[in-house]
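Engineer: turn this into a model:
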Amino acid sequence: MSDFKLTFQEEVRRLARKEVKAASETLAVQQKTIRELTKRIEALEKKQAVPVVPKADKPAEVVVPAKSGKARFSPKTIIKFRKKYGISQKGFAALLGVATFTVSHWELGKNRPRATQVAAISALTKLGKRKVVALLAEKAPAEVAKKPAKAAKPAKAAKKAKAPKAAKTVAVPAPAVATDKVITVKP
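Structural biologist: Model prediction:
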């Protein structure tokens, strides 16, 4: 009986080693595949890090570096930027490729932009006024056309000489006993 026990144990060990060897070979093949895929991913990331030159028929995109670090976001930043360059919410939305109400929600603090959008906003704030206006002209030419030219400021003497305002006439209902009275109100 002991011979049967020893023979059985040896057979189990032999079969276990055979299965472990087959599994480790499969594992080695999978590890090799993972290394190859990792190399492909690294090559694609390097290729993507190079800024793409826009074609003439497509509008220029805001190129955001892949590893730009964490940019901060504040609704006040967007408001200050738009007022500084005289851009409407619609124009700002066109620059970033989002909806107008999205910019409104950012400014009100209801929502926060995604990390990619924060990076794009940061990149826009670092551009000069001419570049921003040029981008706006490419992406939303109607917004640039709407922008009125700045009027010259009136002289101080013209400000002081104001025309007197006319008196307003308001009809006030009187008590039921009398008729309606007319009262003149001066501003």
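
Engineer: for the chain, which helix or strand comes out least confident on mean pLDDT?
Structural biologist: One helix or strand of the chain scores below all others by mean pLDDT, DSSP states H and E: helix 156-160, with a mean of 52.

Engineer: surely Asp3 forms part of a helix?
Structural biologist: Yes: using DSSP: H, G, I helix; E, B strand; the rest coil, the assignment for Asp3 is a helix.

Engineer: confidence score at it?
Structural biologist: Per-residue pLDDT puts Asp3 at 85.

Engineer: any idea how far it is from Glu11?
Structural biologist: For Asp3, the distance to Glu11 (CB to CB, to the nearest Å) stands at 12 Å. No exception for glycine: its C-beta is placed from N, CA and C like everyone else's.

Engineer: CA atoms of stretch 126-143 as PDB?
Structural biologist: Taking C-alpha atoms only, stretch 126-143 is exported to PDB below (Å, rounded to 0.1, in the frame of the first residue of the first chain):
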ATOM      1  CA  LYS A 126      -0.600  83.800 -21.000                       C
ATOM      2  CA  LEU A 127      -1.200  84.800 -24.600                       C
ATOM      3  CA  GLY A 128      -1.100  88.500 -25.600                       C
ATOM      4  CA  LYS A 129      -4.100  90.500 -26.700                       C
ATOM      5  CA  ARG A 130      -3.200  90.300 -30.400                       C
ATOM      6  CA  LYS A 131      -3.000  86.500 -30.400                       C
ATOM      7  CA  VAL A 132      -6.200  86.200 -28.400                       C
ATOM      8  CA  VAL A 133      -8.000  88.500 -30.800                       C
ATOM      9  CA  ALA A 134      -6.500  86.600 -33.800                       C
ATOM     10  CA  LEU A 135      -7.700  83.300 -32.300                       C
ATOM     11  CA  LEU A 136     -11.100  84.800 -31.700                       C
ATOM     12  CA  ALA A 137     -11.300  86.000 -35.300                       C
ATOM     13  CA  GLU A 138     -10.600  82.500 -36.500                       C
ATOM     14  CA  LYS A 139     -13.000  80.700 -34.300                       C
ATOM     15  CA  ALA A 140     -15.800  83.200 -34.000                       C
ATOM     16  CA  PRO A 141     -15.500  86.000 -36.600                       C
ATOM     17  CA  ALA A 142     -19.100  87.200 -35.800                       C
ATOM     18  CA  GLU A 143     -18.000  88.000 -32.200                       C
END
